[in-house]
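Just the structure for this:
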Amino acid sequence: MIKFQISLFKFLTIFTLILLVGPIQVSSKCTCESQEEDGSISEALKYKLVSIASILLASALGVSLPFLVKRFRFLNPEKDIYFLIKAFAAGIILATGFVHVLPDAYQSLNSPCLSENPWGKFPFTGFVAMVSAIGTLLMEAFATGYRKRSDLRKAQPLDADEEESDEAHAGHVHGSISVLEKSNSSDLVRHRIISQVLELGIVVHSVIIGISLGTSESAKTIKPLVAALSFHQFFEGTGLGGCISQAKFSHRTVAIMVLFFSLTTPAGIAVGIGISKMYNVNSPTALIVQGLLLSASAGILIYMALVDLLAADFMSRKMLSNFRLQVGASFTLLLGACYITVKTHGVQLVKFEKPSPSFHVRVMIDIPFSMAENEAFAKGSSSDISLLLA
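Residues are numbered from 1 along each chain as shown. Sure, this is the predicted structure:
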């Protein structure tokens, strides 16, 4: 089982390196023309460097927060407030999968730059998300089942010795306790698998977000993303950090996983800066790779949020026996989901224009995580909605 965990961790590391190097390999294959960028390139670079520092700090603080607050008794895992925080973080991860990652994947795989056959005739986005969710379920189930069967086989000889002597009976009692400890060990293995697979799902879309930001040459596009992505990474890191904390890894493994999450988006931005001159986000190869990876990431995040984070807590004995805790957790869950929804598809600015024969209020809608819509907004396209008040 330890070998399986090491292999999974190695796979996560290698896969991230492939994500970072992959755009360089496909950057020269451009068939659709790149969108023209406005603004100073030097100013855009300044905001990119600021975003690297800001997102790195926010990511590191968010994923480390569950470990830093362990010293506070009121944040003990058995306290109600801990369940509320976990529900909020799970809502963020769930909304990230449904509202942020999945729509971006659909947009990439249904781009007019791709041929109608097969990309326009088959729902690849939903299919890949479904397959990744099923794959996550099977991997988690088989790994946990293997550990439990192994524990039961080790406990069987102790049960047979019970019939021979009183001394063996004492051994059986000890064996029963051992089985209980092994059961807890199986739960620990499950938590470790959950934390590693969840980090894989988060890393995929974090790298893609970073590359998208790094390749943009518009300061107007990048500027609103700095704060938005920093908050996004902070709260997403809090959810991941809680899972890593429950897994009770060694200090070395925890440090590696914290660094891994903290560095992925900044590394993606750095790669994007390096390939910004030759990378075309609208090339068919880039769109297909990005769309498929985002779809897989969405499936992992949605499954993890619903099954491993929310269902495990909401169906626990502590939650079911406490009505106030149920209501509070439901509220924080919705709060976390609404936060990401508003942050991803939210109202950025309300601008009042001079009254004319009629009074106009113009509401500018910005989608900060979708680079295409954000660039259109920066150029003053149809992202504006005018409300006419008589």
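
Quick check: Ala286 touching Met278?
No: here Ala286 lies out of contact with Met278, judged by C-beta atoms under 8 Å, at a distance of 11.3 Å. C-beta: built from backbone N, CA, C; applies to glycine.

Please identify which of the two sits among more neighbours.
Using other C-beta atoms under 10 Å as the criterion, Ala286 and Met278 rank with Ala286 on top: 24 against 13.

The helix or strand encompassing Thr265: which residues count as buried?
Assigned by DSSP states H and E, Thr265 belongs to helix 251-275. Within helix 251-275, the residues that count as buried by 16 or more other C-beta atoms under 10 Å are 253-254, 257-258, 260-275.

again, but for stretch 128-147
The neighbour-count check on stretch 128-147 (16+ other C-beta under 10 Å) flags 128-129, 132-133, 136, 140, 143-144, 147 as buried.

then it to CSV, C-alphas only?
Only the C-alpha atoms of stretch 128-147 are listed here, as CSV (Å, rounded to 0.1, in the frame of the first residue of the first chain):
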residue,chain,number,x,y,z
VAL,A,128,-14.2,13.0,-20.0
ALA,A,129,-15.5,14.5,-16.7
MET,A,130,-17.7,11.4,-16.2
VAL,A,131,-14.8,9.0,-16.9
SER,A,132,-12.4,10.9,-14.5
ALA,A,133,-15.0,10.8,-11.8
ILE,A,134,-15.6,7.0,-12.2
GLY,A,135,-11.8,6.5,-12.4
THR,A,136,-11.4,8.4,-9.1
LEU,A,137,-14.1,6.2,-7.5
LEU,A,138,-12.6,3.0,-8.7
MET,A,139,-9.1,3.9,-7.6
GLU,A,140,-10.2,5.0,-4.2
ALA,A,141,-12.4,1.9,-3.7
PHE,A,142,-9.9,-0.7,-4.9
ALA,A,143,-7.0,0.9,-2.9
THR,A,144,-9.1,1.0,0.3
GLY,A,145,-10.5,-2.5,-0.3
TYR,A,146,-7.1,-3.9,-0.8
ARG,A,147,-5.9,-2.5,2.6
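
Name the surrounding residues that touch that stretch.
With contacts defined as C-beta atoms under 8 Å, 6 or more residues apart in numbering, stretch 128-147 is touched by 1, 4, 102, 105, 185-186, 189-190, 193-194, 197, 292, 295-300, 302-304, 307-308.

so where do the strands sit in this protein?
346-352, 359-366, 384-389 (DSSP state E).

what's the least confident stretch among those?
With a mean of 34, strand 384-389 has the lowest mean pLDDT of the strands of the chain.

hang on, the earlier thing: what is the helix holding Thr265 packed up against?
Secondary-structure packing of helix 251-275 (3 or more C-beta pairs under 8 Å, 6 or more residues apart in numbering; DSSP states H and E): helix 2-26, helix 41-68, helix 166-215, helix 219-247.

Lowest mean pLDDT across these, which one is that?
The stretch with the lowest mean pLDDT among these is helix 2-26, at a mean of 52.

Now stretch 115-123: buried residues?
Using 16+ other C-beta under 10 Å as the test for burial, stretch 115-123 gives Trp119.

Check the separation of the first and last residues in that stretch.
Stretch 115-123 has an end-to-end distance of 14 Å (criterion: C-alpha to C-alpha, to the nearest Å).

pLDDT (mean, whole number) over it?
pLDDT averaged over stretch 115-123 gives 89.

The closest residue to Leu94 other than its chain neighbours: what's it in contact with?
Spatial nearest neighbour of Leu94, chain neighbours left out: Ala305 (3.7 Å); criterion: C-beta to C-beta, 6 or more residues apart in numbering. Ala305 is in contact with 90-91, 93-94, 97, counting by C-beta under 8 Å, 6+ apart.

mind running it again at 6 Å?
Each residue near Ala305 by C-beta atoms under 6 Å, 6 or more residues apart in numbering is listed here: 90, 93-94.

Gly336 too?
For Gly336, the contacting residues are 88, 91-92, by C-beta under 6 Å, 6+ apart.

let's go with 8 Å and repeat that
Applying C-beta under 8 Å, 6+ apart, we find Gly336 in contact with 87-92, 94-95, 235.

Make a markdown table out of these and add neighbour count and distance to Thr341.
Below are these laid out as a markdown table (neighbours: other C-beta atoms under 10 Å; distance: C-beta to C-beta, whole Å):
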| residue | neighbour count | distance to Thr341 |
| --- | --- | --- |
| Ala87 | 26 | 16 |
| Phe88 | 21 | 14 |
| Ala89 | 27 | 15 |
| Ala90 | 28 | 14 |
| Gly91 | 28 | 10 |
| Ile92 | 29 | 10 |
| Leu94 | 22 | 10 |
| Ala95 | 25 | 6 |
| Phe235 | 22 | 13 |
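
Of these, just say which sits nearest to Ile52.
Lowest distance from Ile52 to these (C-beta to C-beta) belongs to Phe235, with 19.1 Å.

mind checking how far Lys277 is from Ile41?
10 Å (C-beta to C-beta, to the nearest Å).

Those two: which has the busier surroundings?
Between Lys277 and Ile41, counted using other C-beta under 10 Å, the more crowded position is Ile41 (13 against 10).

For the residue lying closest to the more buried one once chain neighbours are set aside, what are phi and psi?
Counting by C-beta to C-beta, 6+ apart, Ile41 lies nearest to Glu217, which is 5.4 Å off, once chain neighbours are set aside. For Glu217, the backbone dihedrals (degrees, to the nearest 10) come out as phi -110, psi 10.

surely Glu217 meets Ser276?
Yes: between Glu217 and Ser276 there is a contact at 6.4 Å, judged by C-beta under 8 Å.

Can you report how many residues neighbour Asp304?
No, residue 304 isn't Asp; it's Met. Met304 has 29 nearby residues by other C-beta under 10 Å.
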